[in-house]
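> sequence-free structure coming up:
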């Protein structure tokens, strides 16, 4: 059979449902009338009610009541700085793990980590990893690098103009830095690196952003920098864009893996053989053996780095603490290592792109703020520690899943914990 | 200066805070006593209260009350199938966009799409894209492929044994398929492809999963398949693992981009010039010009595919409809294209890895279920349509952000909408 | 310093040499007269002499004599099937290694492998690896997969037409296969897999190519397939292209790593501790320790797979045996593994994209033919064995370089062997 | 059918040839006696003769005579600085293209470019591209960056030690630079960037290498730097390696694409519509249309950058001018762009990793030296110009192949030119 079976199967499914002629009609544009929802920036009981009226054809009053519940509706406007067209809140269950002992450059102490997820077995698995890590004396962590980037692009007529532009930028760098930093009290422009592709120049603008995740901060600062360039640059600019789709914002990229974006953290722990056996139910050798296969799998499938499931820990941590859940796309990459140290097992994660803030974003919303308070890391001064806790949490997840797969328990754990559904 | 500035700066920060000797002590393992939280699988008022007592050193009663609010605590056990160690719910604000007209193979009609996020400007931007798309007659969509994969790994003594194993699997494929499918009423094993690296064989097991996202389903089915192999295979197996870290589960990978994982959907719309001008405030040419630069940026930064911010739309959609937010890591990749069609602008997204279900996972929880009801896509028969809505929503986001950057409005939109913070 | 030092340094170099105004003039297009070389497809003494006259401004008669030497000029036309605009031959030195014992599915026996290179230490290093492998009983090899691909692209008006096209292709596959295979006596169309991105369809056409590398063979066959489609297909095709830049021809790509292109071969050997110590001058543990670091480096630098220097062995082997040296770009990827087996060291390579033929291409030229004869692998029936020898040779190189770096001898070997320059 | 057809076919082939038992025997190690070739570093008539005697079982006297021909054997020792175990020379045919007009920062004038290949149609295709470019006024080029890297790795006991090590390196950077540069008169250590993965530190050591490609130069310099560290560093080092498999030496990597390795060059030309039509036989619009599809193909297949066949031009250029052909693996990546400029077609290539030297390596061998002389770029002062010629040559190849595929001529050209075989 020359055609792969999945192609044939999909075609059969479609054919079973539609006549070719019907299909055409079904997929063509339609100019039927419609009324767009009126945009709402400042939510009120009235605006929420109006929206739900519009949603009645599909949604029931019960649906409305669970999203626009009385507590949420007590003050809908509190959500206005974070969302438009507000209709209520979705309730994501939160579980807790810990204490997770962290001996870090920034985070230091025994933490209880809130994790928001709807996936059974996730919290239990991270809790098990945290238990093993803490029993082993805790996780060492260090923030290695900070640097949120924006990468505006400038288009010129020619390669020569692009070169002249780079020269101009280098000459004017101090004023440009001043322009950028004039927009923010916390952001610092750390470096500007030009990247030339013939007549297009990307400027990799790297900032430290204090305790905020800082994505808006660097956008605004870079916009000011670009406007200063546009106003004063002697080389004719054909066009410029605040972002050349180069920074890796909201997506996995090798640039992010290689150079780091956000906060880069490394975390490690050495698990004694006895902890592996008693807490994790397997052996150091079994985990190492699986580690070799898992590493091979990461290469052959073309991952960015090699790890098991950073995304699970990060998504749960980001949501529970008011971070931007979409940043999971760029944060969930890096390296997990497991190596023998005598009879014990050395385990580490190095994560180049943790995007977290202890201020800004969703951190001020009531339940997200509570998540940060559980950690004791709300507000100024805690951004670096928060990133270290995120990495340490991911390390717990790596330890637990590797142990479960090595021991053959992975499937059973999922079967049991999702059993009630 | 031979050492990059960011390295020097980071060292200075650390030096300013710590004496080298203090650092050592701070980062060493500690054997101080600790008491691990008692695991809770079945949440109750009592179990939640016990946890909060333990969290008192950092969290306040107010924090407890916003997570463990009265509505949540009316029936904490309803969350037990989805989480362990439950302490309450985090409330993520939901905004609504629409109507989004979809002329799809599976989705068909005018949809209102709920999006959960804490990032200002996101919902407004997607709403604007939806408005432009619907004014243009709506978005054509098609589910092109389905196939959640698990990739168990088998380790042998030698390359020869690996080859013998492949032969055995091929010979026994019908029984193995029966073993896998005996565990599920909805999952079908579509193909098994062996991938050999000397003495290690990965089996790429591909399933259709009905209307569920299906990640647990395929784990359980594949486990049964593996156990059947382990019980009967005549070639000596040194070790086997339910997952060889090859499937791309919870992470971006080129395997996923190339072969698809989950549901692959393509969506497109052609925007007339006048819609681009009036609704999006820019021109077709300006969007095309930026598109060229954005494409260049995607190549130079080493993305998987080329797109702007699928992750924003996906994370908001997944959270609002009870999907697994961690899957954003693997779903947020693919291709966005913009091309001239006469005076109009053709825009498309093709997304190889949408992981959604209209049943299972978090879809039964009250507020997530409401999200699906708003779409009219809760329950059996709606998995494919749900994937098409996800892709169409992402296309709206791509249109809007490209227009905003092309027009130079991107920064201002973020400044204005996040202004209250 | 906000601007990286390398940028500043490069600018200073340029400034030191040019005034900005001079630069502009220097880099502008020039319409000065010129006379293009007359194309020559059939080389003769006269055509070669004519070319050298044209090259006189820069090249000397001595230069002419070493390229257009008497032996070459005895029959310049023998090169005409392989090159246009012929001016002579470049002489690349060839070294020999062996015997390399191969216990393979296809290659079997003790081989002497010719390697053409100008890089000192390369042959010596591969020879050392071959010695270690042969002393250990030889290298097991297996051809795992064959399948040169061409990926024509078809452009349609819409996603719906693209879908209809796929359906048409599936229905017509047998005739299309016949059309493709009518052009070749050795090529077989093994599979056709459609890959849809909205209105564009790539057809992944996979062939076995007998004993040839087969790149021209599959181009011609696929062209016939496409013309058959263009002539008969009922769905309107806007444009089609023989290659959609998707196949990975002449470039590294993850598609090639994941699915294989050309011939996929795995090769392995287990080196006893004593061989590692006596022949390689290091220890099994030292090689394993370095292997962990090298694996980490491969992840962090974003390689496709993980290996040390396949390219060295492949380039030298390809050139010495009349293969296409440009294919090194796509062939030089894959996986090298080193693992403990008791006290011994298991070493393997798996290479998904070896492009070699024992017939066709440059294999009939006199000196290249001699290279194949040294191996005893010239002509029909030897394509698979040739691929296995290529992989086994690369494995020797991996063993030797890992040992050299682990032992700290790498630099010295290069210093000593390049000493005469 | 659940198992892909190619798997079944391969199994059938193997089964048809071997009984399972025979296979086992065939693939096991064998301890049969063997005699390794005696290594030869200094070639002589006698050493070559001795080798050929050993090769007699497979190779004929005629084979010997074409490799060890009288001209080669007039002075076999001249090859000794470039190869070990010398047995003769392989003769690769060389074709010439030009004049190729280059208006470059470094290269400037009308060049004839020698290209060594055995692939029919290659030289003709590049010649056509050169003709189009020169008719359009020539190609603008600029060397944008230089920086060959070595990336030694240092292993420590802990993350803390790794951090302490970084601090020590930063403090000692001037002495370390002196140690590195003491080994070379041309190499300059431009930057040292530490890359930390928990307890492992890679030092990205970047050098300019004068007119040499410089790979040995940077190895020797970095070795000295490492030995200086090992001798003086106060932090205990567990192990160090001259190369952590991080630099991208001899392999494609995203690090190379993002940061550049070797010389980074951009080259561009704008082709008037009439040149596209008359010289290339197609239209600007047809080339742009194909360009969109080719760009899509590059994304979907997971290439590093986007280009058509840099490897063809580079391999032919490297071999003809005495460069390291294995470096094609790392050089053959980057970006080709084609865009409308009014009625004309803007074409550019940007290649981050060109590894060429006008001195060192194989450049002193007689026929390779002649290749450089044809260009007028042999010896000191020409490294940068050589890199620009390499990029301009690749641009010619991109123009020609895109035109051929857009026009539907690609297959015919290959059929016609390889017709004699």
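Arrived safely, thanks for sending. Just so we're clear, the structure is a prediction, and the values are computed from it rather than from any experiment.
> show me which strand runs longest in chain A.
Scanning chain A for the strand with the most residues, using DSSP state E, yields strand A:86-104.
> now do it against strand B:86-104, angle only.
Strand A:86-104 and strand B:86-104 meet at an angle of 130 degrees, taking axes from the mean of the first three to the mean of the last three Cα atoms, to 10 degrees as the criterion.
> return the distance of strand A:86-104 from the chain's centre.
Relative to its chain's centre, strand A:86-104 lies at 15 Å (Cα atoms, centre = their mean, to the nearest Å).
> touching chain B at all, it?
Yes: with Cβ under 8 Å from any Cβ of the partner chain as the criterion, chain B is reached by strand A:86-104 at A:86-99, A:101, A:103-104. Using the backbone N, CA and C atoms, a C-beta is placed for each residue, glycine as well.
> need the phi and psi values for residue A:154.
phi -120, psi 130 (degrees, to the nearest 10).
> do the helix or strand harbouring residue A:225 and chain B meet?
Counting by DSSP states H and E, the element that carries residue A:225 is helix A:215-232. Yes: shown here: helix A:215-232 in contact with chain B (Cβ under 8 Å from any Cβ) through A:216, A:219-220, A:223.
> what about stretch A:165-175, distance to the chain center?
Centroid separation for stretch A:165-175 versus its chain: 33 Å, with Cα atoms, centre = their mean.
> what residues does the helix holding residue A:225 touch?
Identification of contacts with helix A:215-232 by Cβ atoms under 8 Å, 6 or more residues apart in numbering or on different chains yields A:148-150, A:152, A:154, A:169, A:172, A:175-177, A:179-184, A:186-187, A:189, A:203, A:205, A:207, A:209, A:237, A:240, A:242-243, A:249, A:324, A:355, A:360, B:410-411, B:414-415, B:418.
> all strands of chain A, in order?
A:86-104, A:108-116, A:139-146, A:148-150, A:153-155, A:188-197, A:200-208, A:239-241, A:263-271, A:305-306, A:334-341, A:344-354.
> what helices or strands is the third one leaning on?
Okay, so that is strand A:139-146. The helices and strands touching strand A:139-146, judged by 3 or more Cβ pairs under 8 Å, 6 or more residues apart in numbering or on different chains; DSSP states H and E, are strand A:86-104, strand A:263-271, helix A:383-407, helix B:5-17, helix D:159-171.
> neighbours of the closest residue to chain D within the stretch 51-200 of chain A, how many?
Per Cβ to the nearest Cβ, the residue of the stretch 51-200 of chain A with the smallest distance to chain D is residue A:198, at 4.0 Å. Applying other Cβ atoms under 10 Å in any protein chain shown, we find 24 residues neighbouring residue A:198.
> near the closest residue to it other than its chain neighbours, how many other residues are there?
Excluding the flanking residues, the one nearest residue A:198 by Cβ to Cβ, 6 or more residues apart in numbering or on different chains is residue D:348, at 4.0 Å. Residue D:348: 25 surrounding residues under other Cβ under 10 Å.
> right, is stretch A:388-405 up against chain B?
Yes: using Cβ under 8 Å from any Cβ, stretch A:388-405 reaches chain B at residue A:405.
> can you pull the pLDDT of residue A:300?
If you check residue A:300, the pLDDT there is 96.
> report the contact partners of it.
Residue A:300 makes contacts with B:195, B:197, B:202, B:246, B:255, C:257-258, C:305, C:335, as judged by Cβ under 8 Å, 6+ apart.
> so how far is chain C from residue A:330?
Per Cβ to the nearest Cβ, to the nearest Å, residue A:330 is found 15 Å from chain C.
> surely that residue is in contact with residue A:250?
Yes: counting by Cβ atoms under 8 Å, residue A:330 touches residue A:250, with 6.1 Å between them.
> joint contacts of the two?
With Cβ under 8 Å, 6+ apart, residue A:330 and residue A:250 have common neighbours residue B:311.
> comparing those two, which residue is more hemmed in?
With neighbours defined as other Cβ under 10 Å, residue A:330 and residue A:250 compare such that residue A:330 has more, 28 against 25.
> find the nearest non-adjacent residue to the more buried one, please.
Once flanking residues are discounted, residue A:330 sits nearest to residue A:353: 5.2 Å by Cβ to Cβ, 6+ apart.
> quick check: closest non-adjacent residue to the residue in chain A that chain D sits nearest to.
Taking Cβ to the nearest Cβ, chain D has its nearest neighbour within chain A at residue A:254, 3.4 Å off. In this structure, residue A:254 finds its nearest non-sequential neighbour in residue B:302, 2.9 Å apart by Cβ to Cβ, 6+ apart.
> ok, back up a step: identify the bridge partners of the residue nearest to residue A:198.
residue D:268, residue D:337 (DSSP bridges).
> I'd say it and residue D:270 touch.
No: the criterion here is Cβ under 8 Å, and residue D:348 misses it with residue D:270 at 9.4 Å.
> among the residues of helix A:215-232 next to chain B, find the lowest-pLDDT one for me.
The lowest pLDDT within the residues of helix A:215-232 next to chain B belongs to residue A:216, with 93.
> any of the contacts of helix A:215-232 buried? List them.
Among the contacts of helix A:215-232, the ones that count as buried by 16 or more other Cβ atoms under 10 Å in any protein chain shown are A:148-150, A:152, A:154, A:169, A:172, A:176-177, A:179-181, A:183-184, A:186-187, A:189, A:203, A:205, A:207, A:209, A:237, A:240, A:242-243, A:249, A:324, A:355, A:360, B:410-411, B:414-415, B:418.
> enumerate the residues of chain A near chain D.
So chain A meets chain D at A:1-2, A:4-5, A:140-142, A:144, A:158-160, A:163, A:196-199, A:254-255, A:257-259, A:266-268, A:302, A:335, A:337, A:348, A:350 (Cβ under 8 Å from any Cβ).
> report the buried members of those residues.
A:2, A:4-5, A:140-142, A:144, A:158-160, A:163, A:196-199, A:254-255, A:257-259, A:266-268, A:302, A:335, A:337, A:348, A:350.
> give me the number of residues near the residue lying closest to residue A:160 once chain neighbours are set aside?
Counting by Cβ to Cβ, 6+ apart, residue C:27 is the residue found nearest to residue A:160 once chain neighbours are left out, at 4.9 Å. Residue C:27: 23 surrounding residues under other Cβ under 10 Å.
> wait, residue C:27 sits on residue A:161?
No: under the criterion of Cβ under 8 Å, residue C:27 is not in contact with residue A:161, lying 10.0 Å apart.
> hang on, the earlier thing: quick one, what contacts the residue of chain A closest to chain D?
A:304, B:301-303, C:302, D:254-255, D:257-258.
> show me those that map onto helices.
Judged by DSSP state H, the contacts of residue A:254 include D:254-255, D:257-258 as members of helices.
> pull the most distant pair out of these.
Spanning the widest gap among those are D:255 and D:257, at 7.3 Å by Cβ to Cβ.
> what residues are shared contacts of these two?
Counting by Cβ under 8 Å, 6+ apart, the contacts common to residue D:255 and residue D:257 are A:254, C:302.
> quick check: the residue nearest to residue A:330 touching residue A:264?
Yes: with contact defined as Cβ under 8 Å, residue A:353 and residue A:264 form a contacting pair (7.3 Å).
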